[in-house]
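[1] Take a look and give me a structure for this.
(3 chains)
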Amino acid sequence: MAQISLATGFLLILIGFYGALTQRNLMRMIVGFTIADSGVNLVIVAIGYMHGRTAPIIDSTLPAGEAPARIIDPVPQALVLTAIVIGVGVTALMLAYAYKLYQAKRTLDISTFTELKW
Amino acid sequence: MVRRFAALLLILALGAVFLPLFLAYHPDTSLNPTALYYAERTAQDLGAANIVTAIVVTYRGLDTLGEVTVLFLSAAIVGLVLARDRLTPRPHTRVPAGELLTTGSRLLAPLIMLLGVYIFSNGHLTPGGGFQGGAVIASGVLLLLLADPERRFGHRIIGFIESLSGVAYVLIGLAGLYYAGGFLDNRILPTGQVGQLFSAGAIPLIYSLIGLKVGSEFSSILADLSETEEL
Amino acid sequence: MTTFSVALTVVLAIAMLGAAVLAITGRSLPIAILAAGLVSLFASVLFLLLASPDVAMTEAAIGSGLTTFLFFFILGRVRGGENG
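    This is a model prediction of the structure:
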């Protein structure tokens, strides 16, 4: 199960970056970045998964004493939790810049923005 | 065509980097030392039932403080980038939202906000916490924006809640430095019994502040974007 | 139970990859944005299967909910530019 998720995550990263590199529309490039973002999160969570273990939350079915033997690695989950939130902040920033660029040129085609091209 | 080929070549190179990583992956059968420490000590030291929350709020609390700062910066930059558009007066082309959406939003928005508060105040017991609760609160704000696109949210109020919770977050962290083991240590309040609502020391308090901060940051991003002009 | 969750994982993985390809190659921009939101939504179910309820909640609320709405806010503002 972890292997399938890991492979899916890697493939999502590749698909997302391919989209971001080949598309000419700014919004479609941002879509590609968000897909790559999901892929990275999936890879990190899949690495922390251990077969036959449960979520790291102590309750009536999981006493604190049994936790070390029965929970999966909680550290990747804490990392991904913050990564998702940062991801949406970055996406909002990219979209705001795309809006400003559209305001300047009335198009979202990346090939028309040639001011910094050499 | 050349561009597409170059992109494909780059993706293949990246795939060639990923392939050995994937093939060399062997699932762990026991926890590594860091995870083992967190698994063994969280309940008895911090009194939190959700170990992920304990890591996010206490063990790596400084990271989380940095993270909400990054989120604040991105919300501030979105506001700055879109600032000029808000000054120009909008033509009044008001199309009223449907009766269903207006009444439904009046009914649902308080319930959604209440759910957000529930999620972040129970972050130390159940899945969820400040980030999820903050996003739920922001979606309540989004519903209000959809029901009435002309509505202007008080940026002053959003900014006030945001900075107040940020300052309180840092002050609680400093209190940990004086009264407990270090910056953002949750044991300035009694840790109580694992599984109770009032347990885990300052974790519920800190996560509620994070929830308010994240919720107001997302709300301000949404409000900024919805106040832009249609081009 | 184990075979069931493995089968569900395979189905979700195929659905995610299909949605991702649709998001990259699809003709219309709204469909591409919705497909990207769908990738996030399937990812959150997969996180639940991987015993990470915290991450699943975050991804469902933030990754698939708020991000899609941000895209549509901007899409509504740049009408006419989506084909450029």
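[2] what comes up buried for stretch B:32-48?
    For stretch B:32-48, the neighbour count (16 or more other CB atoms under 10 Å in any protein chain shown) marks B:35, B:38, B:39, B:42, B:43, B:45, B:46, B:47, B:48 as buried. For the C-beta atoms, the positions are set from N, CA and C on the backbone; glycine is no exception.
[3] same deal with stretch C:9-18?
    Buried residues in stretch C:9-18 (16+ other CB under 10 Å): C:9, C:12, C:13, C:15, C:16, C:17.
[4] And for stretch B:127-146?
    In stretch B:127-146, counting by 16+ other CB under 10 Å, buried: B:127-145.
[5] so which of the residues you listed also contact chain C?
    Contacts with chain C are made by B:127, B:128, B:129, B:131, B:132, B:135, B:136, B:138, B:139, B:142 out of these, judged by CB under 8 Å from any CB of the partner chain.
[6] Over to the second one. Which of the three states is it?
    By that I understand residue B:128. coil (DSSP: H, G, I helix; E, B strand; the rest coil).
[7] Verify the stated contact: it with residue C:55.
    No - using CB atoms under 8 Å, residue B:128 is not in contact with residue C:55, being 10.9 Å away.
[8] residues touching the residue nearest the centre of chain B, list them.
    Most central in chain B under CA atoms, centre = their mean is residue B:131, positioned 2.7 Å from the mean C-alpha point. Residues in contact with residue B:131 (CB atoms under 8 Å, 6 or more residues apart in numbering or on different chains) are A:81, A:82, A:84, A:85, B:210, B:211, B:214, C:58, C:62.
[9] Between the residues you listed, identify the one with the most neighbours.
    residue B:214 (30 neighbours; other CB atoms under 10 Å in any protein chain shown).
[10] Can you tell me the element it falls in?
    helix B:203-226 (DSSP states H and E).
[11] Spell out which parts of chain C neighbour chain B.
    Counting by CB under 8 Å from any CB, the residues of chain C near chain B are C:53-54, C:56-58, C:61-62, C:65-66, C:69-70, C:73-74, C:76-79.
[12] Inside strands: which ones of the residues you listed?
    Residues of those located in strands (DSSP state E): none.
[13] Need the buried ones from those selected in ChimeraX.
    Only the buried entries of these go into this ChimeraX selection, using 16+ other CB under 10 Å:
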select /C:53,54,56,57,58,61,62,65,66,69,70,73,74,77,78
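[14] Run the contact check for stretch C:62-76 versus chain A.
    Yes - judged by CB under 8 Å from any CB, stretch C:62-76 comes into contact with chain A at C:62, C:63, C:66, C:67, C:70, C:71, C:73, C:74, C:75.
[15] helices and strands of chain A: which one bottoms out on pLDDT?
    Scoring the helices and strands of chain A by mean pLDDT, DSSP states H and E places helix A:67-70 at the bottom, with a mean of 76.
[16] Tell me which other helices or strands it touches.
    helix B:33-41 (3 or more CB pairs under 8 Å, 6 or more residues apart in numbering or on different chains; DSSP states H and E).
[17] so what does the helix it packs on touch, helix or strand wise?
    helix A:67-70, helix A:74-105, helix B:51-54.
[18] Return the most buried member of the ones you listed.
    Highest mean neighbour count among the helices and strands packed on helix B:33-41 (mean count of other CB atoms under 10 Å in any protein chain shown): helix B:51-54, with a mean of 29.
[19] That one vs chain A: in contact?
    Yes - using CB under 8 Å from any CB, helix B:51-54 comes into contact with chain A via B:51, B:52.
[20] Centre of the chain to the next helix or strand after that helix, how far?
    Once the chain leaves helix B:51-54, the next helix or strand it forms, by DSSP H and E, is helix B:61-81. Chain-centre distance of helix B:61-81: 10 Å, with CA atoms, centre = their mean, to the nearest Å.
[21] so for helix B:61-81, what's the average pLDDT?
    For helix B:61-81, the mean pLDDT works out to 88.
[22] Flag every residue of chain B that's near chain C.
    Going by CB under 8 Å from any CB, the residues of chain B near chain C are B:50, B:52-53, B:119, B:127-129, B:131-132, B:135-136, B:138-139, B:142, B:218, B:221-222, B:225-226, B:228-231.
[23] Please name the spatially closest residue to the residue in chain C that chain A sits nearest to (chain neighbours excluded).
    Residue nearest to chain A within chain C: residue C:24 (3.6 Å; CB to the nearest CB). Excluding its sequence neighbours, the residue lying closest to residue C:24 (CB to CB, 6 or more residues apart in numbering or on different chains) is residue A:19, at 3.6 Å.
[24] May I have the phi/psi pair for the one you found?
    phi -60, psi -40 (degrees, to the nearest 10).
[25] most centrally placed residue in chain A?
    residue A:37 (2.1 Å).
[26] how close does the nearest residue to that residue once chain neighbours are set aside get to residue B:176?
    Of all residues not flanking residue A:37 in the chain, residue A:87 sits nearest, at 4.6 Å (CB to CB, 6+ apart). Distance from residue A:87 to residue B:176, counting by CB to CB, to the nearest Å: 29 Å.
[27] what's the answer for residue C:63, then?
    From residue C:63 to residue B:176 the distance is 31 Å (CB to CB).
[28] out of these two, which sits in the more crowded spot?
    Taking other CB under 10 Å, residue C:63 and residue B:176 do not tie; residue C:63 has more neighbours (29 against 22).
[29] I'd guessed the more buried one sits against residue C:47; true?
    No - counting by CB under 8 Å, residue C:63 does not reach residue C:47; the two are 9.9 Å apart.
[30] longest single helix anywhere in chain C?
    helix C:2-25 (DSSP state H).
[31] Toward the C-terminus, what is the element adjacent to it?
    Assigned by DSSP H and E, the successor of helix C:2-25 is helix C:29-49.
[32] buried sites along that next one?
    Result for helix C:29-49 [16+ other CB under 10 Å]: buried residues C:29, C:32-49.
[33] Centre of the chain to it, how far?
    Distance, centroid of helix C:29-49 to centroid of chain: 1 Å (CA atoms, centre = their mean).
[34] Then stretch A:79-90?
    8 Å.
[35] Contacts made by it with the rest, please.
    So stretch A:79-90 is in contact with A:33-34, A:37, A:40-41, A:44-45, B:52, B:56, B:63-64, B:67, B:70-71, B:74-75, B:131, B:214, B:218, B:221, C:52, C:54-55, C:58-59, C:62-63, C:66-67, C:70, going by CB under 8 Å, 6+ apart.
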